[in-house]
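[1] this one's structure only:
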C-alpha cells in the first residue's frame, strides 16, 4: 500500500430503539389520581410507615410494597432548589428558572418540580409553596397537570421539620 | 477454602408480557419467596447482595437501581451489580465469599424484555464498529449458525425438532414455564420456517420475570439448618467478538469452562443448559460430552421461557432443585451470554 491512509478516529453509529414504557402498577395508581387532580403518596400498610410520592412500587427502606394510598395536600415545603441559567435543549422554559425539591404535606420524601411567580433571589429552604394546576379539562396522567408551585404566605418550616408535616400542614 | 452451597432458589412465572408491573414489582414477590425458603427476614440477613440485569431490555437508564428498592437497604447493605445474567452475579458472590468478605449472599436477576424488540436490542451488544451499526439481530445470527451446522451435516432439522419436543414435554412439570405441551418433532417440522432454517419453535420466547438464589458457606448452611447443594466448581470463558474468527458449530469456551469447573470428575445426572435456540442445545451437549446418563433440561430449559438476565441463574437453581429433591446426585448448569454462545459459564453442583 503506497497511498497514505487517513486515520479514522471517529465512527458515528446512532442508536434508535423503540420501547413501550410502563410506569409500574404503583406509579399507575399515582398517575390515575393525578388525572383527577389529586396528589397522592403511598406507604406500606403499617402505622407510621414513610409516605413516598411519587411512589415507585416499594418502600426502599424496607423493600416492602407500598400498598396503602395516602392523599396529600397540594401545599409543599422547599427542601432544596437550584436556579437554572443555562438553556437546556428541548426544554421550552426560558432560563433563569427555579427547579426545586418539594415535600408535599403528608409525604416524607421530596419530588422535583418548578417554582414560579416568585422572585428567584427570594427562594429559600423551608419556604411554603402551593401547586398551580392547569385547567381541569387539560388534566392527564402527568405531573404536568401542575404547572408549577408558587410561594404562599405561611411561615417557613424549620429545616429539621421538613418532610415531617402531616397532610394538614401541621407537625406530625 | 470454604465450601459454598446453594440454600434457596425461586423464580417467577415466565410471561410474555408482565403488563403494568415495573422492575421492583417483578422482583419483590420473588425475593419474598426466597427469604421464606431460606428462613431469612430480609436482605439484611445476608452479608452480600449481587444482581444481574440490563438497562437496554426495558429501555430505562439505571433500571437496576430501581431493583435495589426491593431489598430494604436501610441500614446500608453491601451490594453490587453486573450488567449480565445474574449467574455472573453468583460468580461475583462466590469470589466475595472466597476472599473472606462474606459468608452468605443473595443473588437476583430480572428482566422485562417485552417493552422493546428484544432481538434488535440484542444487536447492540455486538462489536460497535462493524456489527452493531448493521443491526444484526440475535435470531439472524443464530439462524446463520444453524445453517452452518445443517450444511456441514452436523445436525438435521429433525434433531432440532426433537430438542424442541423434549423441551415442551419437560416443561409440563415446570410450573413457571411459559411454553409447555405435548408437542411432537413432527408437529415442529410441520411449522413454517421463521428465519430460515429456524422455525419459531426453535427460538426461545421473549419473557418477563425474575429469579433469585441464596448461597452460603456450608458452615452457614448447616447453622441455618437448610437443605443445600454444594457448588463444587465454577468457571467461565469468553470467545472473540469477531464471529468470523469463531467456529460457530462448536462451543470451545463451554468445553474449557467445564474442564476447569471439574465437570468431568464425576457422573453428571442432570444438566441445565442455557440454549436460546434448539441447535445450540446440541452444540452444548456435544461440547460438554454429555451422554445418555444425563437428563438434559428437565425444566424445559429456556426454550420454555427465557428470562433475560435471570435464566442463567435459574439454570443453576433448577439443578439445585433436582439435587435437593434427591432426583440427582450431581449436576451441571450452563449459562450463556452474547451472540451464538460467545460467553459461557459452567457451574457444577453436588449433593452434600
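    Nice, I can see it. Model, not experiment: these values are computed from the prediction. Numbering: from 1, shown residues only, chains lettered A, B, ... in the order given.

[2] Contact partners for residue B:4?
    B:94, B:97, B:98, B:215, B:216, B:217, B:218, B:230, B:231 (CB atoms under 8 Å, 6 or more residues apart in numbering or on different chains). Where you see a C-beta, it was placed from the backbone N, CA and C, and this is true even at glycine.

[3] Revised request: answer the last question for residue B:66.
    A:56, B:22, B:23, B:24, B:60.

[4] May I ask which of the contacts of residue B:4 has the most neighbours?
    Neighbour counts for the contacts of residue B:4, by other CB atoms under 10 Å in any protein chain shown, peak at residue B:215, which reaches 32 neighbours.

[5] what number of residues lie near the closest residue to residue B:118 other than its chain neighbours?
    Leaving aside its sequence neighbours, residue B:118 sits nearest to residue B:206 (CB to CB, 6 or more residues apart in numbering or on different chains; 5.0 Å). Residues lying near residue B:206 (other CB under 10 Å) number 22.

[6] With residue B:283 instead?
    Neighbour count of residue B:283, defined by other CB under 10 Å: 24.

[7] Can you show me the helices along chain A?
    Counting by DSSP state H, chain A has helices at residues A:25-35.

[8] Residues of it that sit close to chain B?
    Contact residues (CB under 8 Å from any CB of the partner chain) of chain A with chain B: A:11, A:13, A:15, A:17-28, A:56-65.

[9] can you pull the contacts of the residue positioned nearest the centre of chain B?
    Ranked by distance to the mean C-alpha position of chain B (CA atoms, centre = their mean), the top residue is residue B:312 at 1.4 Å. Taking CB under 8 Å, 6+ apart as the contact definition, residue B:312 lies against B:52, B:85, B:86, B:87, B:88, B:109, B:274, B:333, B:335, B:336, B:337, B:345.

[10] secondary structure class for residue B:49?
    Secondary structure, DSSP: H, G, I helix; E, B strand; the rest coil: residue B:49 is strand.

[11] residues near residue A:113, how many?
    So residue A:113, with other CB under 10 Å, has 21 neighbours.

[12] So it versus chain B, what's the distance?
    Computed as CB to the nearest CB, to the nearest Å, the residue A:113 to chain B distance reads 21 Å.

[13] domains of chain B?
    Chain B is divided into the following domains under automatic domain parsing: B:4-117+B:206-224, B:118-202, B:232-351.

[14] can I get those in CSV with distance to residue A:170?
    Listed next are the domains of chain B as CSV, based on distance: least, CB to CB, whole Å:
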stretch, distance to residue A:170
domain B:4-117+B:206-224, 26
domain B:118-202, 49
domain B:232-351, 46
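
[15] Find the nearest non-adjacent residue to residue B:208, please.
    For residue B:208, ignoring the flanking residues on the chain, the nearest one in space by CB to CB, 6+ apart is residue B:18 at 3.7 Å.

[16] Kindly apply the preceding question to residue A:141 instead.
    Residue A:141's closest residue in space is residue A:31 (CB to CB, 6+ apart), at 4.0 Å.

[17] Now do the contacts for that neighbour.
    A:23, A:141, A:142.

[18] The residue nearest to residue B:41 when sequence neighbours are not counted: neighbour count?
    Distances taken as CB to CB, 6+ apart place residue B:35 nearest to residue B:41, at 6.6 Å, with adjacent residues excluded. Residues near residue B:35, counting by other CB under 10 Å, number 21.

[19] One more: residue A:22?
    18.

[20] and what of residue B:128?
    Residue B:128: 13 surrounding residues under other CB under 10 Å.

[21] now the contacts of residue A:31: which count as buried?
    Buried by 16 or more other CB atoms under 10 Å in any protein chain shown: residue A:23, out of the contacts of residue A:31.

[22] Return the closest of the contacts of residue A:31 with respect to residue B:68.
    residue A:23 (18.2 Å; CB to CB).

[23] after the helix or strand bottoming out on mean pLDDT in chain B, next one along is what?
    Of all helical and strand segments in chain B, the minimum by mean pLDDT, DSSP states H and E falls on helix B:63-68, at a mean of 86. Remark: after helix B:63-68, the chain's next helix or strand is strand B:79-82, criterion DSSP states H and E.

[24] Go through the longest strand along chain A and flag the buried ones.
    Counting by DSSP state E, the longest strand found in chain A is strand A:75-84. The neighbour-count check on strand A:75-84 (16+ other CB under 10 Å) flags A:75, A:76, A:77, A:78, A:79, A:81 as buried.

[25] OK, contacts around the second one?
    Contacts here follow CB under 8 Å, 6+ apart; on that basis residue A:76 touches A:102, A:103, A:104, A:105, A:128, A:129, A:130, A:131, A:149.

[26] Quick one: end-to-end length of stretch B:70-78, please.
    14 Å (CA to CA, to the nearest Å).

[27] Please state the offset of it from the chain centre?
    26 Å (CA atoms, centre = their mean, to the nearest Å).

[28] Which positions within that stretch qualify as buried?
    Neighbour counts over stretch B:70-78 (16+ other CB under 10 Å) mark B:70, B:71, B:72, B:73, B:77 as buried.

[29] now stretch B:137-152
    B:137-150.

[30] Which phi and psi values does residue A:73 adopt?
    phi -80, psi 160 (degrees, to the nearest 10).

[31] What is the burial count for the residue of the stretch 251-352 of chain B found nearest chain A?
    Nearest residue of the stretch 251-352 of chain B to chain A: residue B:308, at 14.2 Å (CB to the nearest CB). When neighbours are defined as other CB under 10 Å, residue B:308 has 28 of them.

[32] so it makes contact with residue B:111?
    Yes. Counting by CB atoms under 8 Å, residue B:308 does reach residue B:111; the two are 3.8 Å apart.

[33] secondary structure class for residue B:349?
    strand.

[34] From the opening residue of stretch B:62-79 to its closing one, how far?
    Across its full length, stretch B:62-79 reaches 15 Å between end residues, using CA to CA.

[35] circling back to that earlier point, need the buried residues of strand A:75-84 in CSV (columns: pLDDT and distance to residue B:281).
    Listed next are those as CSV, based on pLDDT from 0 to 100; distance: CB to CB, whole Å:
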residue, pLDDT, distance to residue B:281
A:75, 97, 61
A:76, 98, 57
A:77, 98, 60
A:78, 98, 59
A:79, 98, 55
A:81, 98, 58
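
[36] The nearest residue to residue B:236 once chain neighbours are set aside is in what secondary structure piece?
    Leaving aside its sequence neighbours, residue B:236 sits nearest to residue B:345 (CB to CB, 6+ apart; 3.7 Å). Following DSSP H and E, one finds residue B:345 within strand B:343-351.
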